[in-house]
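**Student:** got a predicted structure plus its sequence, pasted below:
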Amino acid sequence: MITRPIIRLSFSYRSLSTHARSPTSIPAVLHLKTGQSFTGSSFGAPRSIFGETVFSTSITSYTESMTDPSYRGQILVFTTPLIGNYGVPHNIAPRDSRDVGVVLESSGIQCAAVVVADVAEKFSHYTAIESLHTWCSRYKVPGLTGVDTRAITRLLRDQGTTLGRVAVGDDAALPPPNENEYWDPSQENLVDQISTKEPYVLNPAGDVRIAVLDFGAKANIARALVRRGAAVTVLPWNYDFNVIRDKFDGLFLSNGPGDPQQCWSAAHKLRTTLDEWRKPIFGICMGHQIIGMAAGLDAYRMTFGNRGHNQPVLALASSGSIRAGRVYVTSQNHQYALRLQDPFPEGWEPFFINCNDSSVEGIKSTSDSNHRVWGVQFHPESAGGPLDTMEMFTDFVAECRAERLKARFAKASVDTGTILREKESAFNDVPELTAVAA
Ligand SMILES: NC(=O)CC[C@H](N)C(=O)O
C-alpha cells in the first residue's frame with residue numbers, strides 16, 4: 001500500500017474585526033489528520049475534542065445548524081466569517097402551543113465543536129438571551145476562533161471531509177495526534193445514540209395519523225407536520241413499523257447523523273413495508289437514503305458532501321407542488337448520497353438532481369407503481385434556509401388525509417355505525433405503542 005507522506009503545515013490568522021474578538025485568550029488549534037494545523041484561540045468550553053471536520057456555507061442560522069442532530073460528531077467550520085452576532089435565543093417553546101417544545105432544532109448543541117474566523121463578542125437580537133461563547137460553554141462544546149476558515153474550506157474541498165481534533169489550552173502546545181488516534185464517527189451508529197428510546201405522540205387531536213421514524217429528527221420536521229394538522233407518533237429508528245402500520249395514514253423517515261449503512265436494519269424493515277403497504281411514505285436526507293437502500297439503490301460517501309442553505313436542485317418530475325424543469329434553492333447537510341444508476345430499480349425514478357455536482361437529490365415511486373413514496377436529500381423544512389420546497393409537507397399531509405378518507409369511506413360502506421362509535425377515540429394509545437416497543 002502506498003501511503004502519502006504527511007506534510008505538517010501551520011497557519012495562523014489575525015482577526016480584522018474589532019467587534020469580534022475572542023472571549024478568551026486560551027490558545028486552541030485545529031489539527032487535521034492530513035497534517036495541517038490551524039492556530040487561534042478558544043471560546044466556549046475549554047476542552048479538547050475529536051471529530052469529523054466539515055464546512056457549511058450557510059450565512060445565517062448557526063443556532064439551527066448547531067442543534068441539528070445530523071451534525072453529531074462533526075467539527076463544524078463556518079465559511080461565513082462573523083458568527084455569533086445575533087446571539088442565541090431561549091430554546092423552550094411556549095407551553096400552550098402545539099409545538100414540539102423547542103425553538104431550535106433540538107434541545108442542545110449537537111456538533112462536536114465549531115470553528116469560525118471571528119466569533120462575535122457583542123450580540124444583538126430581540127430574542128437573544130446569551131452569546132455563542134456562553135451557550136457553547138454551557139453545553140461543554142469547544143469553539144476555535146481567529147483561524148482562516150477560507151484556507152480550511154479550500155483544503156476540505158480538495159481532500160474531502162477530514163478527521164480532526166480541536167486541541168485547547170495545554171493540549172494546544174502538544175504535538176498533533178498520531179494518525180491512528182483520530183476518532184472516526186462513521187464507524188459508530190450515531191443514530192442509535194440520538195433517536196428517541198420510547199414512542200411519543202405530538203398533537204394527538206390531529207385529524208390524520210403520521211408515524212415518524214426518528215433517525216435524529218430536526219424539530220422543524222415535526223413542527224411542519226403538526227402545523228398541517230397531523231397527529232404525529234415519533235418512533236425509535238429501529239422500531240418495526242410493520243407491527244403497528246394499520247393505525248397510520250402515512251409514514252415519514254427523518255434526517256439523521258452518520259453513515260446510512262449503520263441503519264441497514266431499518267432499510268430491511270422498510271422493504272417489507274414497501275412490499276405490503278400502499279400508503280404515502282416520505283423521507284428526508286437519511287430517511288431518503290434509507291428509502292433508496294430499501295428500493296435497491298446504493299448509498300455512497302461523497303468527497304465533502306453538501307452543507308449550506310444555497311444548494312440548487314433541478315426537479316426532473318412533477319409531483320404535488322413540485323414542477324419538472326424548475327430549480328429550487330434548498331437547505332442541505334449531508335455527506336452520503338444515493339448513486340445514480342441506469343436503469344433505476346423498477347417502480348422508481350429520479351426526482352431531483354443537484355445543479356452543482358449532479359448528485360441524486362430525490363427519488364420517487366413511478367406513477368404506475370401503485371406506491372406513493374418520495375425521498376429528498378435536501379431539507380424542505382429548512383431551519384435555516386429557503387422555503388422553496390416547504391410545500392412538500394403540505395403535499396404529503398394531503399396525501400395522508402386522502403388516504404384516511406378513502407379508508408373511512410371504504411369502511412363506512414360496510415358499517416357506518418361502527419365508524420361513528422370509533423370516532424377519534426382510537427389514537428391516544430401511547431401505552432399500547434410502548435408495549436409493542438418493549
Ligand atoms: N441530514 C442528514 O440526514 C444526513 C444524512 C447522512 N448522515 C449524511 O451525512 O449523508
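**Tutor:** Received, thanks. Numbers count the residues shown, from 1 in each chain.
**Student:** neighbours around the closest residue in space to Met390 that isn't next to it in sequence, how many?
**Tutor:** Closest residue to Met390 apart from its sequence neighbours, by CB to CB, 6 or more residues apart in numbering: Pro380 at 5.6 Å. To be clear about C-beta, it is placed using only N, CA and C from the backbone, and glycine gets the same treatment. Neighbourhood size, Pro380 [other CB atoms under 10 Å]: 29.
**Student:** so Pro69 sits right up against Asp214, yeah?
**Tutor:** No. Pro69 is not in contact with Asp214 according to CB atoms under 8 Å; the separation is 9.2 Å.
**Student:** now do the shared contacts for those two.
**Tutor:** Common contacts of Pro69 and Asp214 (CB atoms under 8 Å, 6 or more residues apart in numbering): Gly256.
**Student:** any idea of the pLDDT on the residue lying closest to Pro89 once chain neighbours are set aside?
**Tutor:** Nearest residue to Pro89, sequence neighbours excluded (CB to CB, 6+ apart): Thr127, at 4.0 Å. For Thr127, the pLDDT comes out at 96.
**Student:** ok, now how distant is Val360 from Trp374?
**Tutor:** From Val360 over to Trp374 the distance is 13 Å, taken as CB to CB, to the nearest Å.
**Student:** run through the residues that contact Gly164.
**Tutor:** 30-33, 50-53, 75, 182.
**Student:** the stretch 51-200 of the chain against the ligand: which residues are in contact?
**Tutor:** Ser70 (CB under 6 Å from any ligand atom).
**Student:** other SSEs contacting the helix or strand where Arg301 lies?
**Tutor:** Taking DSSP states H and E as the criterion, Arg301 maps to strand 299-315. Contact partners of strand 299-315 among helices and strands, from 3 or more CB pairs under 8 Å, 6 or more residues apart in numbering; DSSP states H and E: strand 49-56, helix 286-295, strand 327-338, strand 348-354, strand 360-365.
**Student:** reformat the ones you listed as CSV; add mean neighbour count and mean pLDDT.
**Tutor:** Listed next are the helices and strands packed on strand 299-315 as CSV, based on neighbours: other CB atoms under 10 Å; pLDDT from 0 to 100:
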stretch, mean neighbour count, mean pLDDT
strand 49-56, 24, 98
helix 286-295, 27, 98
strand 327-338, 23, 98
strand 348-354, 21, 98
strand 360-365, 27, 98
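**Student:** any chance of the ones you listed in TSV, plus distance to Asp207?
**Tutor:** As requested, the helices and strands packed on strand 299-315 are exported to TSV (distance: least, CB to CB, whole Å):
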stretch	distance to Asp207
strand 49-56	37
helix 286-295	23
strand 327-338	29
strand 348-354	28
strand 360-365	25
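**Student:** ok, Asp259 to the ligand distance?
**Tutor:** 7 Å (CB to the nearest ligand atom, to the nearest Å).
**Student:** then Gln187?
**Tutor:** For Gln187, the distance to the ligand - CB to the nearest ligand atom - is 13 Å.
**Student:** quick check: phi and psi on that residue?
**Tutor:** For Gln187, the backbone dihedrals are phi -80, psi -10 (criterion: degrees, to the nearest 10).
**Student:** out of the helices and strands packed on strand 299-315, flag the one nearest Ser321.
**Tutor:** strand 327-338 (10.1 Å; CB to CB).
**Student:** does any bit of the helix or strand harbouring Ala267 sit next to the ligand?
**Tutor:** Using DSSP H and E, Ala267 sits within helix 264-276. No. Applying CB under 6 Å from any ligand atom, one finds helix 264-276 out of contact with the ligand, separated by at least 12.7 Å.
**Student:** which elements pack onto that helix?
**Tutor:** Other helices and strands packing on helix 264-276, by 3+ CB pairs under 8 Å, 6+ apart, are strand 250-253, helix 286-295.
**Student:** who are the contact partners of the residue nearest to Pro89?
**Tutor:** Taking CB under 8 Å, 6+ apart, one finds 89-90, 103 in contact with Thr127.
**Student:** tell me the mean pLDDT over the one helix or strand Phe43 maps to?
**Tutor:** According to DSSP H and E, Phe43 maps onto strand 36-44. What strand 36-44 shows for mean pLDDT is 98.
**Student:** how about it as CSV, C-alpha atoms only?
**Tutor:** As requested, the backbone C-alpha atoms of strand 36-44 are provided in CSV (Å, rounded to 0.1, in the frame of the first residue of the first chain):
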residue,chain,number,x,y,z
GLN,A,36,-2.3,20.6,8.7
SER,A,37,-2.8,22.7,11.9
PHE,A,38,-4.6,26.0,12.3
THR,A,39,-3.8,28.0,15.4
GLY,A,40,-6.2,30.5,17.0
SER,A,41,-7.9,31.0,20.4
SER,A,42,-10.6,29.2,22.3
PHE,A,43,-14.2,30.2,23.0
GLY,A,44,-17.0,28.1,24.6
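**Student:** same for that strand, what does it pack against?
**Tutor:** For strand 36-44, the packing partners by 3+ CB pairs under 8 Å, 6+ apart are strand 9-12, strand 27-32, helix 132-138, strand 142-145, helix 149-159.
**Student:** to the ligand, which of the helices and strands packed on helix 264-276 lies closest?
**Tutor:** helix 286-295 (3.6 Å; CB to the nearest ligand atom).
**Student:** packing partners for the closest one?
**Tutor:** strand 250-253, helix 264-276, strand 281-284, strand 299-315, strand 327-338, strand 360-365, strand 373-376.
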